[in-house]
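J.: predicted structure and sequence below. I'll ask about it afterward.
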Amino acid sequence: MNKFINFRKSKFIFSLIVLLTFLCVYKIFFLSKISNNYECIEIFETLEKTINSNIVDKIKINELNSKIKQDYSNTSYAAMSSLMVANYLYEQSDLEGAKKELVWLINNNNHKIFKSIAILRLSNLFIDNEEYDKALEYLVTPSNSFDSLFNDRIGDIMFMENKFQKAKDFLGIISKSYGKG
């Protein structure tokens with residue numbers, strides 16, 4: 001009987017040790033993840049303040065954006081920082097830099113909404129440069145909530161290329177999606 005009791009005690013103690021070890025590892029992992037999120041938020045907030053300040057430090061903007069993209073590439077903060085930096089670069093007339101930021105977001109982030117926003121902004125840059133074929137290359141896979149905006153943009157491109165019937169067709173698609181067709 002003592003052997004049975006000792007066996008049950010040792011099994012209980014072993015199970016308790018395994019459980020406590022698991023809880024400690026989980027807590028360490030969870031706390032480090034929270035710490036990483038706070039660090040990312042701090043970097044993002046610094047980037048936002050730097051872009052919106054009166055004295056803009058381009059080197060600091062590049063460093064902060066690179067840090068977020070490198071260390072937190074698949075977070076919404078990486079996507080938002082790319083959109084914000086692309087907008088800043090556009091306002092500074094650096095269209096190639098803005099395009100690079102948007103292409104990075106499209107290729108490296110899994111958030112469909114941010115990707116769709118980046119595609120729309122990138123297509124605008126291509127349209128401004130009359131690079132309609134490049135714009136159309138990106139406008140092929142909208143997420144569901146962006147169908148109408150993508151079709152609207154495609155219709156605009158068709159109109160600018162004097163393809164009026166195709167432009168009208170895309171306008172019809174948009175009207176049907178709103179129940180007006």
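T.: Arrived safely, thanks for sending. Residues are numbered from 1 along each chain as shown.
J.: ok, and the closest non-adjacent residue to the residue most central in space within the chain?
T.: Within the chain, one residue has its C-alpha closest to the average C-alpha position: by CA atoms, centre = their mean, that is Ala79, at 3.1 Å. Closest residue to Ala79 apart from its sequence neighbours, by CB to CB, 6 or more residues apart in numbering: Phe114 at 3.6 Å. Every residue, glycine included, has its C-beta placed from N, CA and C.
J.: so the one you found is in which element?
T.: Assigned by DSSP states H and E, Phe114 belongs to helix 112-128.
J.: so after that helix, what's the next helix or strand?
T.: As assigned by DSSP H and E, the chain's next helix or strand after helix 112-128 is helix 132-138.
J.: residues of the following helix or strand past that next one that come out buried?
T.: Next in sequence after helix 132-138, counting helices and strands by DSSP H and E, comes helix 147-160. Along helix 147-160, these residues count as buried under the neighbour rule (16 or more other CB atoms under 10 Å): 148-158.
J.: before we move on, what about stretch 48-62?
T.: For stretch 48-62, the neighbour count (16+ other CB under 10 Å) marks 50-51, 61 as buried.
J.: run the chain-centre distance for that stretch.
T.: With CA atoms, centre = their mean, to the nearest Å as the basis, stretch 48-62 stands 21 Å off its chain's centre.
J.: contacts for that stretch next, please.
T.: Stretch 48-62 is contacted by residues 47, 64, 84-85, 88 when judged by CB atoms under 8 Å, 6 or more residues apart in numbering.
J.: from Asn110, how far out is Ile59?
T.: Look at Ile59 and Asn110: by CB to CB, to the nearest Å, they are 29 Å apart.
J.: same thing with Ile68?
T.: For Ile68, the distance to Asn110 - CB to CB - is 15 Å.
J.: now do Ala79
T.: Between Ala79 and Asn110 the computed distance is 9 Å (CB to CB).
J.: any stretches of this protein with poor pLDDT?
T.: Applying pLDDT under 70 to the chain flags residues 1-36, 170, 173-181.
J.: all strands of the protein, in order?
T.: For the chain, no strands turn up when DSSP state E is the criterion.
J.: is it true that Ser73 touches Leu105?
T.: No. Using CB atoms under 8 Å, Ser73 is not in contact with Leu105, being 9.9 Å away.
J.: name the residue in these two with the higher neighbour count.
T.: More neighbours surround Leu105 than the other of Ser73 and Leu105, with 27 against 16 (other CB atoms under 10 Å).
J.: surely that one and Ile119 touch.
T.: No. In this structure Leu105 lies outside contact range of Ile119 using CB under 8 Å: 9.1 Å.
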